[in-house]
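>>> Sequence first, then the predicted structure, then my questions.
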Amino acid sequence: QVQLQESGPGLVKPSQMLSLTCTVSGGSVGDSYYTWSWIRQPPGKGLEWMGAIAYDGGTYYTPSLKSRTSISWDTSKNQFSLQLTSVTPEGTPVYYCASAWGRVGVQSDVWGQGTQVTVSS
């Protein structure tokens with residue numbers, strides 16, 4: 001069974017870039033038809049799907065974040081990563097990595113435990 005684990009800094013300064021990594025176990029990022037997503041949840045708000053990378057390397061982003069978001073993978077390490085530029089101090093969102101078969105979005109099949117990121121100087 002696929003398991004996911006997020007890692008990255010818990011504190012980022014405003015206007016800087018946030019980088020997070022998700023390590024995949026029990027499966028491979030290249031497994032056919034799987035997609036690997038980043039999803040965040042600001043305090044008191046709903047889940048927001050940010051983007052995904054698919055088994056074939058194709059990337060998909062939500063339009064509102066597309067200009068600031070980049071998702072990539074390292075197949076040798078079985079990891080995929082999120083880079084979000086120009087972060088602003090909008091609470092302390094929890095960032096999740098997630099996987100799904102054949103689709104993208106918040107309705108993913110497997111989730112990491114989440115990692116909270118504070119944007120503060």
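Looks like it arrived, so ask away.
>>> Tyr55 versus Gly30, what's the distance?
Here the criterion is C-beta to C-beta, to the nearest Å. By it, Gly30 lies 6 Å from Tyr55. (Glycine included, C-beta is placed from N, CA and C.)
>>> Comparing those two, which residue is more hemmed in?
Tyr55 (17 against 13; other C-beta atoms under 10 Å).
>>> Could you double-check that that one lies in contact with Tyr33?
Yes - using C-beta atoms under 8 Å, Tyr55 is in contact with Tyr33, at 6.0 Å.
>>> show me what contacts the residue most central in space within the chain?
Geometric centre of the chain, nearest residue: Trp38, 2.3 Å, by C-alpha atoms, centre = their mean. Neighbouring residues of Trp38 by C-beta atoms under 8 Å, 6 or more residues apart in numbering: 20, 22, 49-52, 69, 71, 82, 95-98.
>>> A strand includes it, no?
Yes - under DSSP: H, G, I helix; E, B strand; the rest coil, Trp38 falls within a strand.
>>> Which pLDDT does the model give it?
Confidence at Trp38, expressed as pLDDT, is 98.
>>> Show me what it bridges to in the sheet.
Beta-bridge partners for Trp38, by DSSP bridges, are Gly51, Cys97.
>>> before we move on, the earlier item: among the contacts of Trp38, which one is most surrounded by other residues?
Cys97 (30 neighbours).
>>> Would you confirm that that residue contacts Gly8?
No - using C-beta under 8 Å as the test, Cys97 is too far from Gly8 to be in contact (10.3 Å).
>>> Quick check: neighbours shared by these two?
When contacts are counted by C-beta under 8 Å, 6+ apart, Cys97 and Gly8 are jointly contacted by Leu20.
>>> Surely Trp36 touches Gly51?
No - applying C-beta under 8 Å, one finds Trp36 not in contact with Gly51, separated by 9.8 Å.
>>> anything in contact with each of the two?
Common neighbours of Trp36 and Gly51 (C-beta under 8 Å, 6+ apart) are Ile71.
>>> Please list all residues in contact with Val117.
Gly8, Pro9, Gly10, Leu11, Val12, Leu18, Leu20, Thr92, Pro93, Val94, Tyr95.
>>> All set, thanks.
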